[in-house]
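J.: Here is a sequence together with a model predicted from it:
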Amino acid sequence: MQPAKAAEGHRAAEVAPEVQATAPWRVSAVQPLADARLHVTFIDGTSGEVRMAGFLSGPQVVGSVFEPLRDPGEFAKVGIVMGAVAWPNGADLAPDAMYDAIRERGAWTLE
């Protein structure tokens, strides 16, 4: 009897389809803007602005994961992680709350 030949490569992709984001509140694009603002687009095409200046200037962010975002250079490092707006330091925003506010008012202002 010959030993079993090791499978070449990872075949999981052949077995199960890639996971697709279906919740409309998943973020598909984010762009940093001046004055601690973001322009976000969701997978259903909804888009709008997130305004964070008031929140970031408040005392509630001192010592939190959001404090480094007061620096425009750090704020500009924004990206998308699993459909949510996030920064490399671990700060993130709730995409469902953002989506609801933008659908209702065209913008989400964090306070």
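T.: Ah, there it is.

J.: ok, now how distant is K77 from R103?
T.: Distance, K77 to R103, by CB to CB, to the nearest Å: 27 Å. Every residue, glycine included, has its C-beta placed from N, CA and C.

J.: And A86, how close does it get to V65?
T.: 10 Å.

J.: so where do the strands sit in the chain?
T.: 27-33, 37-42, 47-51, 79-81, 84-86, 107-109 (DSSP state E).

J.: got TSV for those, with mean neighbour count and distance to Y99 too?
T.: Formatted as TSV, the strands of the chain follow (neighbours: other CB atoms under 10 Å; distance: least, CB to CB, whole Å):
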stretch	mean neighbour count	distance to Y99
strand 27-33	15	8
strand 37-42	18	6
strand 47-51	18	9
strand 79-81	14	14
strand 84-86	18	11
strand 107-109	16	9
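
J.: per-residue pLDDT, the residue nearest to A84 when sequence neighbours are not counted?
T.: Nearest non-adjacent residue to A84, counting by CB to CB, 6 or more residues apart in numbering: P95, 4.7 Å away. For P95, the pLDDT comes out at 94.

J.: How about the one 4 residues further on?
T.: Here the pLDDT value assigned to Y99 is 97.

J.: Could you tell me how many residues sit around the closest residue to it other than its chain neighbours?
T.: Distances taken as CB to CB, 6+ apart place W25 nearest to Y99, at 3.6 Å, with adjacent residues excluded. Counted with other CB atoms under 10 Å, residues neighbouring W25 total 20.
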